[in-house]
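Student: dropping the sequence and predicted coords here.
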Amino acid sequence: MEGTDRWQWMRDELRQLSERNQYRRLEPTGWLEGGWIERSGRRMLNLASNHYLGLSNPLPNGTDGAEEGDADMRLGAGASRLITGNDPVYDRFEREFAAYKGTESSLVFSSGYMANVGVISALAGRGDYVFSDRLNHASIVDGIALSRAKCSRYRHRDIGQLERMLRSVPTGAKKLIVTDAVFSMDGTTAPLPELVELKERYGAILMVDEAHSGGVYGEEGQGLAHALGLQRRVDVQMGTFSKAYGACGAYVAGDAVLIQYLINKARTLIYNTALPPIVMSAVRANWLTIRSEPWRREALFQRAAWFRRALNECGFDTGDSESHIIPLLLGDNARAVDFGAALQAEGIAAVAIRPPTVPEGAARIRFTVMATHRLQDLQWAVERIAAVGRRMGIVP
């Protein structure tokens, strides 16, 4: 693949769309009063919105989330981003966020589920091959199913099995490898250096879902790929704003041609109402806070390491967790349900996680600490958890 344009197939498809007058562009669109909009410097009567009753719900400047110069921080977006829903706040944020991620461009989706389903089904189709870690999130699984590509699931973090699968694919076939960066139910991290080497060796596309690592890893919270210095070698960086960023929505970051291709091919962007501008403003505000307050990441890692170690010392099995997600493995569904109910009775919010979210026989309680948890409160929680474990005969 060295010396070739890895995205040539995208450029060819985009050119064909342009020749058929089917090429889509996102046009920043500001809303005015009386059913008018401003687009490309022109005032236009808005006859394309879904806000049938005129409830655009503008919030005045000075409202929390609105910034000076944002004349219209609306609660409703009005339509798809390709119709009249592409408020200028999107364009500004996507340019800023791409620079933050070290990529040419980025694109905002309404949720992580929508991003994964839309991106995977746009990048792969019939006759293509997708390789997915067995513990990937359900949105990745669904995106692969909708793509109708041939799917091979490799054992969790098993690079050897993945390479054997890649080796068996016909020469010249399109290949997509998809992995979570941090796995949401196990707290394990993906072997990104090895995955990057494999994708380069076999000419595959590598997509990394940073949902649970974004905001947490990296000097300013850019994600695990950035923390490992691999951001330029990961083809598709995806993540959400609903986890560490404390808001909602999702992003995809990568080469400019990739983003243009998704604008034209990702059905969950084309046919989905945009996030409200006020939400985008809130996302940006939280993102700026995360960048400027590294103490939150430091505190999170310190508390997570302490909490996991304390549970292990009590005799609990936390699996291979190496992040801020800490499972307490119980195996049996009924035992997990009873354990969760007992913890809630003790004043600890904990929910049993059972199949199909996790494999059969792997029911658990999933703990996630926060940077703002006080150490004395975590100590209190460990004491309650240990007491329940002893009462149920799970630990000595």
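Tutor: Right, received. Where do you want to start? Since the structure is predicted, the reported quantities are computational estimates derived from the model, not experimental observations.

Student: how about the helices in this structure?
Tutor: 8-19, 88-101, 112-123, 138-147, 159-167, 192-202, 224-227, 256-265, 267-270, 277-292, 295-313, 333-345, 375-391 (DSSP state H).

Student: closest to Thr179 out of those helices?
Tutor: Shortest distance between Thr179 and those, using Cβ to Cβ, is found for helix 192-202: 6.3 Å. (Each C-beta comes from the backbone N, C-alpha and C, glycine too.)

Student: what residue ranges in this structure score low on pLDDT?
Tutor: 1-4, 47-48, 50-74 (pLDDT under 70).

Student: just give me the residue right at the centre of it.
Tutor: Centroid-nearest residue in the chain: Gly239, 2.5 Å away (criterion: Cα atoms, centre = their mean).

Student: re earlier: turn the helices of the chain into TSV, columns for mean neighbour count and distance to Gly30.
Tutor: Listed next are the helices of the chain as TSV, based on neighbours: other Cβ atoms under 10 Å; distance: least, Cβ to Cβ, whole Å:
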stretch	mean neighbour count	distance to Gly30
helix 8-19	13	27
helix 88-101	18	6
helix 112-123	25	24
helix 138-147	20	32
helix 159-167	16	47
helix 192-202	18	40
helix 224-227	24	33
helix 256-265	20	19
helix 267-270	20	20
helix 277-292	20	9
helix 295-313	17	34
helix 333-345	17	48
helix 375-391	16	46
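
Student: can you list these in CSV and add distance to Glu322?
Tutor: As requested, the helices of the chain are exported to CSV (distance: least, Cβ to Cβ, whole Å):
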stretch, distance to Glu322
helix 8-19, 35
helix 88-101, 23
helix 112-123, 22
helix 138-147, 21
helix 159-167, 17
helix 192-202, 13
helix 224-227, 11
helix 256-265, 30
helix 267-270, 32
helix 277-292, 21
helix 295-313, 9
helix 333-345, 22
helix 375-391, 18
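
Student: so which of the ones you listed is nearest Arg43?
Tutor: helix 88-101 (14.8 Å).

Student: and that closest one, C-alpha only, in CSV?
Tutor: Presented in CSV, the C-alpha positions along helix 88-101 are these (Å, rounded to 0.1, in the frame of the first residue of the first chain):
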residue,chain,number,x,y,z
PRO,A,88,-22.4,27.9,12.1
VAL,A,89,-21.6,26.6,15.6
TYR,A,90,-21.0,23.2,14.0
ASP,A,91,-18.4,24.5,11.5
ARG,A,92,-16.5,26.4,14.2
PHE,A,93,-16.4,23.5,16.6
GLU,A,94,-15.5,20.9,13.9
ARG,A,95,-12.5,23.0,12.8
GLU,A,96,-11.3,23.4,16.4
PHE,A,97,-11.9,19.8,17.3
ALA,A,98,-10.0,18.5,14.2
ALA,A,99,-7.0,20.6,15.2
TYR,A,100,-7.3,19.1,18.7
LYS,A,101,-7.3,15.6,17.4
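
Student: who touches that helix?
Tutor: With contacts defined as Cβ atoms under 8 Å, 6 or more residues apart in numbering, helix 88-101 is touched by 26, 28-30, 70, 73, 81, 104-108, 220, 222-223, 226, 231, 237, 251, 253, 274, 277, 280-281, 283-284, 287, 291.

Student: pull out the buried members of those.
Tutor: With neighbours counted by 16 or more other Cβ atoms under 10 Å, the contacts of helix 88-101 contain buried members at 26, 29-30, 70, 73, 81, 105-108, 222-223, 226, 231, 237, 251, 253, 274, 277, 280-281, 283-284, 287.

Student: dig out what the residue nearest to the centre of the chain forms beta bridges with.
Tutor: Per DSSP bridges, residues listed as beta-bridge partners of Gly239: Tyr251.

Student: isn't it right up against Met207?
Tutor: No. Taking contacts as Cβ atoms under 8 Å, Gly239 lies outside contact range of Met207: 11.1 Å.

Student: any figure for the gap between the residue nearest to the centre of the chain and Tyr129?
Tutor: Separation of Gly239 from Tyr129 (Cβ to Cβ, to the nearest Å): 24 Å.

Student: cool, Gln231 as well?
Tutor: Gln231 is 25 Å from Tyr129, by Cβ to Cβ.

Student: one more: Ile385?
Tutor: 44 Å.

Student: ok, Ile325 next?
Tutor: Distance, Ile325 to Tyr129, using Cβ to Cβ: 30 Å.

Student: then Arg153?
Tutor: The gap separating Arg153 from Tyr129 is 12 Å, by Cβ to Cβ.

Student: neighbour count for those two, which is higher?
Tutor: With neighbours defined as other Cβ atoms under 10 Å, Arg153 and Tyr129 compare such that Tyr129 has more, 20 against 17.

Student: who's in contact with that one?
Tutor: For Tyr129, counting by Cβ under 8 Å, 6+ apart, the contacting residues are 149-152, 169, 173-176.

Student: I'd say Ala342 and Gly389 touch.
Tutor: No. Using Cβ under 8 Å, Ala342 is not in contact with Gly389; the gap is 9.3 Å.

Student: now do the same contact list for Gly218.
Tutor: For Gly218, the contacting residues are 224, 226-227, by Cβ under 8 Å, 6+ apart.

Student: nearest to Arg267, of those residues?
Tutor: For those, the nearest to Arg267 is Leu224 (28.0 Å; Cβ to Cβ).

Student: touching, the closest one and Leu195? I think so.
Tutor: No. With contact defined as Cβ under 8 Å, Leu224 does not reach Leu195; the gap is 11.3 Å.

Student: next, show the common contact partners of the two.
Tutor: Val208.

Student: how many neighbours does Glu360 have?
Tutor: Neighbour tally, Glu360, other Cβ under 10 Å: 10.

Student: fine by me, we can end here.
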